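>>> fold the following and give me the result.
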Amino acid sequence: MGVKYSKFEHLKTIDSPLNQAQLMKMTRSGLQINQDVTTKPLNRRTIEKLKQNQKTAPDVLIILSPPFCDVDRITDHLYLTGMGGLTEENLSTLNITCIVNATYEMPLLRMKGIESYRVPVDDDGSEEIILYFDDIANLIDMTSRQNGRTIVHCMAGASRSSTLVIAYLIKFRDYNLRTAFCYVKSLRSCARPNIGFFTQLIAYERYYRKDTSVEIIEIVRKGKKVQVPDFYPTMFPELFKAEVNRQLNKSHMSNIKLQDSHDRNYINPRRKYQDMQRDIQAMIVKNNNMDSQQ
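From the prediction side, this is the model:
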C-alpha cells in the first residue's frame, strides 16, 4: 500500500483535481456521484422531528446525534462536522463562507454567499483522497487569508473530512502527522481516518516534511494480517481494537463503532452509506417541501 503513494510528486502532475472533480459524474473508482444540488440546509427543527420519528433508521439517528452532529472548531477559520452538523443555524452562527463536501453520495449544498466544493470519494482506503490534499489545503488557507471560514464535512465527520483537515494542518500549520491526528482527535472524539487514508497522509507528510512521524505496522490476529498506525496500540487502545475488528470483519467504515461506547454503533451491518443516503435524501426533500409551503 505504501509503495503506491511513495512519490507524491507523481500525483501532483494531475492539473487541479478539485476543479476536475466539480464536473465529474463518476468517482475515479467508478461510483456514481450524486448530482443533486440543494439550496436549503437542514435545520434543528427538522432534525428533532427526525429523531422523534420511529421510522427513522437507527444509523441515520446516530449521525444526527453527538458526537457526529457536533461542529468542532479546528482553527479560528476551520470547522469539522458530519452531515448532521451542516444546519442552517450552524452555518449562520459560524459565518461559514466555504463548504467542503467530502462525499460522493450527498447532495451539494449551494447557498448565497457560500462557496461549495465536492471531494467525491468513498470512505474506502483504496480511494485516492490524496489527489485532493493540496487543493483543499490551499482552499482552506486562501479562505482564511480572506477572513472567511471553511467547514469540512462528510457523512459522520469521522474519516474523509478529518483526513482532509489533517492534511491541511500538515501543510500550513507545521504539524507532523501524529501531532495533527492527536490534535484533531482531541477536538473531535469520532475523528478517525481509515487505514488507507492514513497511508496516504504518511506519503503527504513525507513530501512536505521529508520525514514521517507515523509508520503502518502489521500484526497478526486470528491468523490474519492487520495494519494499524504504530501509535494506536499504546495511545488509542479502543481505536486500535476497533480498527482490528474492522479489518478482520472486512467491514465498511459505516458499519463499525466510531467512538468509545458500547451502545452506539451502526446497527445493521448490511446497510451501506448508499442506504443511509437514500433515507437522508428523502429527509432533505421533505424538509425543502415543508419550507416552501410556509
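>>> all contacts plus neighbour counts: C-alpha atoms, from now on.
Noted.
>>> where does this structure dip in pLDDT?
Applying pLDDT under 70 to the chain picks out residues 1-14, 251-294.
>>> strands of the stretch 101-250 of the chain, residue ranges please.
Taking DSSP state E, counting those that start in this stretch as the test, the strands found in the stretch 101-250 of the chain are 108-109, 115-118, 150-153, 216-221, 224-229.
>>> can you give me the buried ones in the fourth one?
The one in question is strand 216-221. I216 (16 or more other CA atoms under 10 Å).
>>> can you pull out the helices in this structure?
For the chain, the helices defined by DSSP state H cover 8-11, 17-21, 44-52, 58-63, 88-93, 133-145, 160-172, 177-187, 195-209, 232-235, 237-249, 273-293.
>>> give me the neighbour count for T38.
Look at T38: counted by other CA atoms under 10 Å, it has 13 neighbours.
>>> so what's N43 up against?
With contact set as CA atoms under 8 Å, 6 or more residues apart in numbering, N43 has these partners: 87-89.
>>> pick the most deeply packed of the helices of the chain.
helix 160-172 (a mean of 24; mean count of other CA atoms under 10 Å).
>>> and the angle from that helix to helix 177-187?
130 degrees (axes from the mean of the first three to the mean of the last three CA atoms, to 10 degrees).
>>> re the thing from before, nearest to C190, of the strands of the stretch 101-250 of the chain?
Nearest to C190 among the strands of the stretch 101-250 of the chain is strand 150-153; the distance by CA to CA comes to 12.7 Å.
>>> partner strands of that closest one, with direction?
Applying DSSP bridges, strand 150-153 is found paired with strand 78-81 (parallel), strand 98-101 (parallel).
>>> for A191, which of these is the nearest?
strand 78-81 (9.3 Å).
>>> and the closest one, how far out from the chain's middle?
Chain-centre distance of strand 78-81: 10 Å, with CA atoms, centre = their mean, to the nearest Å.
>>> Provide the contact partners of that strand at residue level.
68-74, 140, 144, 149-154, 156-157, 161-162, 165.
>>> thinking again about what came up before, so which of the contacts of N43 comes closest to P58?
T87 (20.0 Å).
>>> beta-bridge partners for the closest one, please?
Bridge pairing for T87 - DSSP bridges - gives L42.
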